[in-house]
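**Student:** Here's my sequence, what's the structure:
(one chain, ligands or ions: 1)
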Amino acid sequence: MANPPEALPHPFSRPSRPGAVSLVSPVELAKMVAAAEPPLVVDVRAVSERALAHFPGDRSVPLSELPRRYSELPSGRPIVVYDQFGSQARRAADYLLRKGFPRTAALEGGLDEYARLVDPTIPRYTAGLSPGGLLLRQFPRPDSGCLAYLAVDVTTEQAVLIDPGLDVAPYTAALADGHWNLRAIVETHTHADHLAGHAALHASTGAPIFVSHRSPAQYPHERLREGDTLEVGPEAIHVLETPGHTRDHLTLRLGRSIFTGDTLLIGACGRTDLGDGDPELLWSSLHEKILRLDDATEVLPAHFGSHHALVDRYASSLGFERATNEALNQGSKEAFLTYMTEGWPPKPADFDRIVRTNLET
Ligand SMILES: [Fe+2]
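**Tutor:** Next up is the predicted model:
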């Protein structure tokens, strides 16, 4: 009988020498990659997962192949190994350290955390569902501070796009690259700050446009109400009506994530003084719908960055927002209503025109 292959650490074992594996945070890795001596970034996930998303410029050595392929790696160069959520990478780094690669570290939190903290354009996917499963990609638009979202069931190749911007080229390119079919375009609300891309996407893909039944939209659309669902593979997008920022605002829940539009932003809430907003309705939506979800719920907003006086972050948790969000920490409903109605910058000069255009086409 042939000698058994050299055993890898058990999938559920901890690294054999506690503290031996250096961990690199996503932000540290971004700095390292931009420095004079960038590390070799090694993906230890299965090839099927790698097809969904990977770190730019990396090398693939799946964990199962490491015992026979570790000698391909450069022993003198810094190495950062990663997987999707961080645990396999620790085992791989521990293995490489024992095999004579002293400058090896593991990416803390994996590619998922890197996408969340550093590069939102890297698609994320749900744990335990690979190679099928749900893929989520953010599309940040730095010029306008807007975020659109693509959710894809990679098994059936059906996709849903949320809050697309006017330039639809990035979405159509992603759909073409993945060979995905767009089955629904969803607007969380009638936008007042930017022109929306639903009309152009509908024209090029034929996908129906879904909006709140409260929307005064004049283009052909499907109406969504509280409790409605849109199927995306094994999961469903659940519709919550959250009026306040606008009367027609929807929040969409998909698994443990909520697409909050402008109802809940990171550190703030969308203003209620543009169009038909109402701070009383926003208070009710926040307290009767959003804040009833648990703290681990991931918050995926429609805006980010300085363009909207927000932080440069693309995702948060409801627990973090509950503890730190300025709008949620006013102390009383009365204080919240005052906060939402006083001290906001002047209304954008062209918001009327933008709203009108977004409703007509
Ligand atoms: Fe908005």
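**Student:** Residues of the stretch 51-200 of the chain that sit close to the ion?
**Tutor:** His191 (Cβ under 5 Å from the ion). Yep, even glycine has a C-beta here, placed from its N, CA and C like the rest.
**Student:** In terms of helix, strand or coil, where does whichever residue of the stretch 51-200 of the chain sits closest to the ion fall?
**Tutor:** Here the stretch 51-200 of the chain gets closest to the ion at one residue, His191, 5.0 Å apart by Cβ to the ion. At His191, secondary structure determined by DSSP: H, G, I helix; E, B strand; the rest coil is coil.
**Student:** What segments of the chain are helices?
**Tutor:** Secondary structure of the chain by DSSP state H: the helices cover 26-34, 47-50, 66-69, 87-98, 110-117, 169-178, 198-205, 279-288, 318-324, 333-341, 351-360.
**Student:** Just send those helices back as TSV, with mean pLDDT and mean neighbour count too.
**Tutor:** Below are the helices of the chain laid out as TSV (pLDDT from 0 to 100; neighbours: other Cβ atoms under 10 Å):
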stretch	mean pLDDT	mean neighbour count
helix 26-34	94	15
helix 47-50	87	15
helix 66-69	95	14
helix 87-98	92	23
helix 110-117	92	23
helix 169-178	95	15
helix 198-205	95	19
helix 279-288	98	19
helix 318-324	93	17
helix 333-341	96	15
helix 351-360	90	15
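**Student:** Tell me how far Arg141 lies from Arg98.
**Tutor:** As judged by Cβ to Cβ, to the nearest Å, Arg141 and Arg98 stand 46 Å apart.
**Student:** now do Glu342
**Tutor:** The value you get for Glu342 to Arg98, if Cβ to Cβ is used, is 62 Å.
**Student:** cool, and Ala115?
**Tutor:** 30 Å.
**Student:** Contacts only, for the residue nearest to Leu254 when sequence neighbours are not counted.
**Tutor:** Setting aside the residues directly before and after it, Leu254 is nearest to Ile237 in space (Cβ to Cβ, 6 or more residues apart in numbering), at 5.0 Å. Contacts were defined as Cβ atoms under 8 Å, 6 or more residues apart in numbering; by that measure Ile237 touches Ala151, Val160, Val186, Thr229, Leu230, Glu231, Leu252, Arg253, Leu254.
**Student:** if you set the cut-off to 7 Å instead, what comes out?
**Tutor:** Ile237 makes contacts with Val160, Thr229, Leu230, Leu252, Leu254, as judged by Cβ atoms under 7 Å, 6 or more residues apart in numbering.
**Student:** ok, what's across the strand from it?
**Tutor:** Assessed by DSSP bridges, Ile237 has beta-bridge partners Leu230, Leu254.
**Student:** roughly how far apart are it and Pro26?
**Tutor:** Distance, Ile237 to Pro26, by Cβ to Cβ: 27 Å.
**Student:** same check, this time on Asp112
**Tutor:** In terms of Cβ to Cβ, Asp112 sits 10 Å off from Pro26.
**Student:** now swap in Glu360 and tell me
**Tutor:** 42 Å.
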